[in-house]
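Student: Sequence first, predicted model second:
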Amino acid sequence: MNRWVARGRIVADRDRPRVMGIVNTTPDSFSDGGLAFGIDAAIARAIQLEADGADILDVGGESSRPGAVPVSLDEELRRVIPVVEALAERLKVPISVDTTKPEVARRALKAGAAIINDIRGVETAEMAEVVCEFDAGVVLMHMLGTPETMQQAPHYDDVVADVFDTLAERVERWGIPRDRIAIDPGIGFGKTFEHNLSLLRNLERFARLGCAVLVGTSRKRFLGTLTGRDVSDRVTVSVVSSLLAIRRGAGIVRVHDVAAMVDALKIWTALEGWGDLS
């Protein structure tokens with residue numbers, strides 16, 4: 001596992017796997033249907049996830065589910081910034097903000113966030129400048145198309161090679177130090193069922209880029225395809241898939257069900273040892 005640093009703080013290293021808890025401040029998340037929609041609800045959920053053992057909290061104000069329509073800058077700021085401001089004063093763990101908008105990223109970092117989680121993989125110079133200005137950590141995720149279009153017959157010549165090459169280009173493009181970057185192959189973001197399985201089977205390859213590897217399988221559709229479980233009944237399969245991602249080199253897993261994930265990792269690392277996982 002490669003080290004990941006955000007604003008001078010080590011947020012992941014070889015000590016143990018890290019758990020990123022999801023706080024969706026949206027009314028239309030695929031996974032929780034607005035459980036944390038509203039400032040007070042989002043703050044309460046974040047505080048609970050930290051108590052459950054989350055190492056990082058990822059706050060998002062725009063749904064990225066398949067078919068989702070973008071929200072305006074003003075609406076995303078309204079959903080996210082008050083939450084970050086409140087949490088920065090209360091939480092000990094670093095705050096990540098899930099956004100593709102440079103102005104949201106800038107305002108969030110000013111409010112106390114440490115990480116920008118960009119599903120577009122920092123495709124603009126403006127977003128790169130914001131990340132560099134604040135010495136922020138950043139997640140470069142791979143996505144084919146946009147949330148509105150990404151699941152409309154996605155195609156790759158070789159999904160593992162294509163995703164790897166795209167992420168490698170983004171790692172090099174802006175000159176952001178590699179120890180401030182986590183790469184995410186984007187499970188479910190412009191990928192078919194078979195694409196997702198191929199990426200998870202070959203995660204070890206992505207660690208060669210010299211960055212931390214982050215994976216998010218939590219409650220996703222391919223797990224329902226494999227098990228027949230509804231999105232609200234995918235805690236166990238989400239934990240199992242996250243553990244297998246860690247086994248194949250992921251150092252950070254992004255999850256909804258933090259308590260279950262943390263408990264599983266306690267048993268896993270006691271029996272296996274983190275040093276043997278990567």
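Tutor: The structure has been received and is ready for your questions.
Student: Would you mind confirming that Gly249 makes contact with Asn202?
Tutor: No - at 9.6 Å, Gly249 does not count as touching Asn202 under the criterion of CB atoms under 8 Å. C-beta: built from backbone N, CA, C; applies to glycine.
Student: Which of these two has more residues huddled nearby?
Tutor: Taking neighbours as other CB atoms under 10 Å, Gly249 and Asn202 compare with Gly249 leading, 20 against 17.
Student: secondary structure class for that one?
Tutor: Put simply, Gly249 is coil when judged by DSSP: H, G, I helix; E, B strand; the rest coil.
Student: OK, contacts around it?
Tutor: When the contact criterion is CB atoms under 8 Å, 6 or more residues apart in numbering, the partners of Gly249 are 1, 203-204, 206-207, 213, 278.
Student: So what touches stretch 124-132?
Tutor: Residues contacting stretch 124-132 (CB under 8 Å, 6+ apart): 100, 102, 105-106, 109, 116, 118, 122, 136, 138, 173-176, 180.
Student: Try it again at 7 Å.
Tutor: Stretch 124-132 has contacts (CB atoms under 7 Å, 6 or more residues apart in numbering) with 102, 105-106, 109, 116, 118, 122, 138, 174, 176.
Student: Redo those as a markdown table? Include pLDDT and distance to Ala88.
Tutor: Below are the contacts of stretch 124-132 laid out as a markdown table (pLDDT from 0 to 100; distance: CB to CB, whole Å):
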| residue | pLDDT | distance to Ala88 |
| --- | --- | --- |
| Pro102 | 98 | 20 |
| Ala105 | 98 | 15 |
| Arg106 | 98 | 15 |
| Leu109 | 98 | 10 |
| Ile116 | 98 | 15 |
| Asp118 | 97 | 20 |
| Val122 | 97 | 23 |
| Val138 | 98 | 18 |
| Trp174 | 95 | 26 |
| Ile176 | 97 | 23 |
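Student: I'd assumed Gly21 was in contact with Gly60.
Tutor: No - under the criterion of CB atoms under 7 Å, Gly60 makes no contact with Gly21, lying 11.6 Å away.
Student: more neighbours, those two?
Tutor: A direct count of neighbours by other CB under 10 Å for Gly60 and Gly21 places Gly21 higher, at 28 against 25.
Student: Spit out the contact partners of that one.
Tutor: Per CB under 7 Å, 6+ apart, neighbours of Gly21: 49, 54, 57-58, 255, 258.
Student: Show me where the stretch 51-200 of the chain has its helices.
Tutor: 73-90, 102-111, 125-133, 159-173, 193-201 (DSSP state H, counting those that start in this stretch).
Student: Using TSV, lay out these together with distance to Arg221 and mean neighbour count.
Tutor: TSV is the format used below for the helices of the stretch 51-200 of the chain (distance: least, CB to CB, whole Å; neighbours: other CB atoms under 10 Å):
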stretch	distance to Arg221	mean neighbour count
helix 73-90	24	18
helix 102-111	27	22
helix 125-133	28	17
helix 159-173	16	17
helix 193-201	8	17
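Student: Ser242: which of the ones you listed is closest?
Tutor: Closest approach to Ser242 among these is made by helix 193-201 (10.2 Å; CB to CB).
Student: what's in contact with the closest one?
Tutor: With contact meaning CB under 7 Å, 6+ apart, helix 193-201 is reached by 154, 156, 159-160, 163, 185, 187-188, 222, 225, 244-245, 248.
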